[in-house]
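Visitor: Quick one: sequence plus predicted model below, questions after.
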Amino acid sequence: MSEPVACEVIVLGLGPGGQMLATKLAEAGVDTVGVEMHLVGGECPFYGCTPTKLLIRASHLIGAVGLADRLAGPATVTPEWSRPASRVTEEATKGWTDDANAEAVQKAGVRLVRGHGRLTAPGVVEVDGVSYVASQGVVLNTGTEPLVLPIDGLSDTPYWTNRDIVQVTELPRSLAIIGGGPIGCELAQAISRFGVEVTIIEAADRLLAVEEPETSTLLTKIFEEQGIAVHTGVEISRVSYDDGFTITAGDLTIEAERLLVAAGRSNNITDIGLDAVGLDPEAPVVETDERMRAGDKLWAIGDITGKGRFTHVSDYQAEVALGDLLGEAGPLADYRAVSRVTFTEPEVGSVGLTEEQATKQGLDVRTGFADITESARGWLDGAGNEGHIKLVADASTGLLVGATVAGPTGGDLIALLTLAVHAKVPPATVRRMHFAFPTYHGAVMTALDDLGL
Ligand SMILES: Cc1cc2nc3c(=O)[nH]c(=O)nc-3n(C[C@H](O)[C@H](O)[C@H](O)COP(=O)(O)OP(=O)(O)OC[C@H]3O[C@@H](n4cnc5c(N)ncnc54)[C@H](O)[C@@H]3O)c2cc1C
Ligand SMILES: NC(=O)c1ccc[n+]([C@@H]2O[C@H](COP(=O)([O-])OP(=O)(O)OC[C@H]3O[C@@H](n4cnc5c(N)ncnc54)[C@H](O)[C@@H]3O)[C@@H](O)[C@H]2O)c1
């Protein structure tokens, strides 16, 4: 065993939040060790947000040509997967190498250690037989892996996860997708627009099951109109592979050249030595307080905290932990107004609680609804205008607790309502602001009128 290495803070796992935190700590003069076993930057830039959004950008342009054809004049596009695929390889991931990120953290002063790290005591992480001892403590940011489903036969097949599909240079003729969550829905639409026959198989009774039911209904209708087959409420009994995939669920048999499993994530917390610091490695998440503290000399940020598996949550929590590690009074973590966007067309932006979640929390729920299609801008735009706004308020406080905007620019439009939830702006105050005409955000007025608070 080599001599222990002393430092002030260890960041274990350099996902988006860990990379940002380690960098800012080092820039603030804290002696920081960052431990990463794969790529500095984590899932988002290499296998998640960035590559998928590049593919989606190209697919949206294919969708726009269809709209132009209907509204402006004959327009055609010949989709070529090689174009977005090469942007992913060359521009976004540099062939799945992290030299730029590694150089940036080291330039900031972080001591980068490559390898699998494991807690061995409070403030101590072991990597390849070397102990790193942090006087202040360890921040966990170990993220997730694609969930491995225990479906009969599946593990014997060459199925894809998100990490494979973003590296594909040639598309199959047909693709089955297990999971109709954000990954399944975003990739289903993107890939279908490149001419692939896509089938989604979802266990829940609707797509995007954590969103409002009206949104799931709209998305399903539009997907089916676009030629994507959607099967919901399906319990898969077996998957087999023989020069193609066969997925069996009761009387339903689906055949496809390739299979993507996008059925959720599992947290990387079972093999990081949580038991050495008195925590349960089998717990579903690492529990944290409002300063991201998770135990003695221990902090945790990102997906493993269970507060929303999004890059912006990981980054937000990094700033909270940074404040605490630098001895500042705040900020303190507040999750009332976590926003999220699924980058399908219609784009689904939402914030805070859905009607069902608010009801389950025992709130005095009041909702407001507006059909974007019937708004001035929706009518003007015509084709491609489908969508809605749904507001959820707590009538006892008169404040918004959640909102959904599904439709054109839904992911940006939700910012207006995120601010209202975050800053507790009364709906009547929002209603009295100036709404430019004719914008999609003008439809927020109609939803507020319907809410009536
Ligand atoms: C296909 C896809 C699309 C997505 N799209 C979006 C999107 O559009 N917007 C959005 O906000 N979010 C999106 N996400 C979610 C987003 O990628 C994650 O929330 C984000 O990466 C934050 O994760 P994290 O900080 O917890 O760590 P991760 O990004 O998971 O990184 C954790 C890091 O820790 C390392 N590590 C793990 N264990 C150890 C160990 N023991 N020792 C050393 N290193 C270790 C890993 O190698 C990894 O680099 C998407 C995810 C996927 C899969
Ligand atoms: N735009 C974004 O912000 C974005 C995009 C993609 C992913 N993400 C993040 O990545 C995470 C993972 O995404 P995801 O879509 O894999 O996970 P998810 O957990 O959100 O959705 C997975 C879906 O798979 C279904 N499923 C699970 N087991 C199944 C089975 N045996 N058969 C059929 N369906 C099954 C679930 O019912 C669920 O609807 C999400 O939590 C999300 O926060 C975010």
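Guide: Okay, I see it. Ligands and ions are numbered 1, 2, ... in the order given.
Visitor: okay, now whichever residue of the stretch 151-300 of the chain sits closest to ligand 1: neighbour count?
Guide: Nearest residue of the stretch 151-300 of the chain to ligand 1, counting by Cβ to the nearest ligand atom: N162, 3.8 Å away. Heads up, the C-betas are built off the backbone N, CA and C, glycines and all. Residues lying near N162 (other Cβ atoms under 10 Å) number 21.
Visitor: just use 53 as the starting number from now, easier for me
Guide: Will do, 53 is the new start, and the previous item becomes N214.
Visitor: That one and G100 touch, don't they?
Guide: Yes - counting by Cβ atoms under 8 Å, G100 is a contact partner of N214 at 6.7 Å.
Visitor: Identify the contacts common to the two.
Guide: Counting by Cβ atoms under 8 Å, 6 or more residues apart in numbering, no residue touches both N214 and G100.
Visitor: quick one: the residue nearest the centre of the chain and ligand 2, what's the gap?
Guide: In the chain, the centroid-proximal residue (Cα atoms, centre = their mean) is F362; its distance is 4.2 Å. Distance, F362 to ligand 2, by Cβ to the nearest ligand atom, to the nearest Å: 5 Å.
Visitor: Apart from its neighbours in sequence, what residue is nearest that residue?
Guide: R392 (6.0 Å; Cβ to Cβ, 6 or more residues apart in numbering).
Visitor: For the helix or strand where I252 lies, which outside residues touch it?
Guide: Assigned by DSSP states H and E, I252 belongs to strand 249-253. With contact meaning Cβ under 8 Å, 6+ apart, strand 249-253 is reached by 225-232, 236-237, 240, 243-244, 259, 275, 279-283, 286, 288, 299, 301, 306, 308.
Visitor: what do you get for stretch 419-427?
Guide: 266, 407, 430-431, 437-445, 457-460, 490, 492, 494-496, 498-504.
Visitor: Near S134, how many other residues are there?
Guide: 12.
Visitor: same question, V390
Guide: Using other Cβ under 10 Å: V390 sits among 18 other residues.
Visitor: which ones are touching the residue lying closest to it once chain neighbours are set aside?
Guide: Nearest residue to V390, sequence neighbours excluded (Cβ to Cβ, 6+ apart): G360, at 4.8 Å. Applying Cβ under 8 Å, 6+ apart to G360 gives the contacts 387, 390, 392.
Visitor: Checking my notes, G360 in a helix, right?
Guide: No - assessed with DSSP: H, G, I helix; E, B strand; the rest coil, G360 is coil; it does not lie in a helix.
Visitor: quick one: the strands in the stretch 103-252 of the chain?
Guide: 163-166, 169-173, 176-179, 182-192, 196-198, 226-230, 249-253 (DSSP state E, counting those that start in this stretch).
Visitor: List the buried residues of the shortest one.
Guide: Judged by neighbour count (16 or more other Cβ atoms under 10 Å), strand 196-198 contains these buried residues: 196, 198.
Visitor: How about that strand and ligand 2, any contact?
Guide: No - counting by Cβ under 6 Å from any ligand atom, ligand 2 has no neighbours in strand 196-198; the shortest distance is 7.2 Å.
Visitor: which strands and helices sit next to that strand?
Guide: With contacts taken as 3 or more Cβ pairs under 8 Å, 6 or more residues apart in numbering; DSSP states H and E, strand 196-198 sits against strand 317-319.
Visitor: got it, and the second one?
Guide: Helices and strands in packing contact with strand 169-173 are listed as strand 57-64, strand 176-179, strand 182-192; criterion 3+ Cβ pairs under 8 Å, 6+ apart.
Visitor: what are the pairing partners of that strand, and which direction each?
Guide: strand 176-179 (antiparallel) (DSSP bridges).
Visitor: do the same with the last one
Guide: Strand pairing for strand 249-253, determined by DSSP bridges: strand 226-230 (parallel), strand 281-283 (parallel).
Visitor: In TSV: those, plus distance to E339.
Guide: Shown next, in TSV, are those (distance: least, Cβ to Cβ, whole Å):
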stretch	distance to E339
strand 226-230	30
strand 281-283	36
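Visitor: Mean pLDDT and distance to H90 for those strands - can I get that in JSON lines?
Guide: Formatted as JSON lines, the strands paired with strand 249-253 follow (pLDDT from 0 to 100; distance: least, Cβ to Cβ, whole Å):
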{"stretch": "strand 226-230", "mean pLDDT": "98", "distance to H90": "24"}
{"stretch": "strand 281-283", "mean pLDDT": "98", "distance to H90": "34"}
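Visitor: List only those of the contacts of strand 249-253 flagged as buried.
Guide: Applying 16+ other Cβ under 10 Å to the contacts of strand 249-253 flags 226-232, 236-237, 240, 243-244, 259, 275, 280-283, 286, 288, 299, 301, 306, 308 as buried.
Visitor: Close to ligand 2 as well: tell me which of those residues qualify.
Guide: Checking the buried ones among the contacts of strand 249-253 against ligand 2 (Cβ under 6 Å from any ligand atom), the matches are 230-232, 236, 288.
Visitor: Out of those, just show me the ones up against ligand 1, please.
Guide: Answer for those near ligand 1: none qualify (Cβ under 6 Å from any ligand atom).
Visitor: Output the set of residues of the stretch 203-352 of the chain in proximity to ligand 1.
Guide: Close to ligand 1, as judged by Cβ under 6 Å from any ligand atom, the stretch 203-352 of the chain has residues 214, 235, 320, 324.
Visitor: Am I right that A144 is in contact with P103?
Guide: Yes - between A144 and P103 there is a contact under Cβ under 8 Å: 5.4 Å.
Visitor: And those two? Which one has more around it.
Guide: Between A144 and P103, counted using other Cβ under 10 Å, the more crowded position is P103 (26 against 19).
Visitor: From what I see, the more buried one and T145 are in contact.
Guide: Yes - counting by Cβ under 8 Å, T145 is a contact partner of P103 at 6.3 Å.
Visitor: tell me, what's touching the two both at once?
Guide: V218.
Visitor: Would you mind giving the domain segments of the chain?
Guide: Recorded structural domains for the chain (assignment: the TED database) are 57-91+149-198+318-378, 214-315, 391-503.
Visitor: as a whole number, average confidence for the last one?
Guide: In other words, domain 391-503. Mean pLDDT, domain 391-503: 98.
Visitor: Sticking with the residue of the stretch 403-505 of the chain found nearest ligand 2, tell me its helix or strand.
Guide: Taking Cβ to the nearest ligand atom, ligand 2 has its nearest neighbour within the stretch 403-505 of the chain at G463, 8.3 Å off. Assessed by DSSP H and E, G463 sits inside helix 462-475.
Visitor: Name the surrounding residues that touch the lengthiest helix in the chain.
Guide: For the chain, the helix reaching the highest residue count under DSSP state H is reported as helix 101-123. Applying Cβ under 8 Å, 6+ apart, the contact partners of helix 101-123 are 96, 127-129, 131, 135-137, 139-140, 143-145, 214, 218, 235, 238-239, 241-243, 245-246, 363, 395, 397, 434-436.
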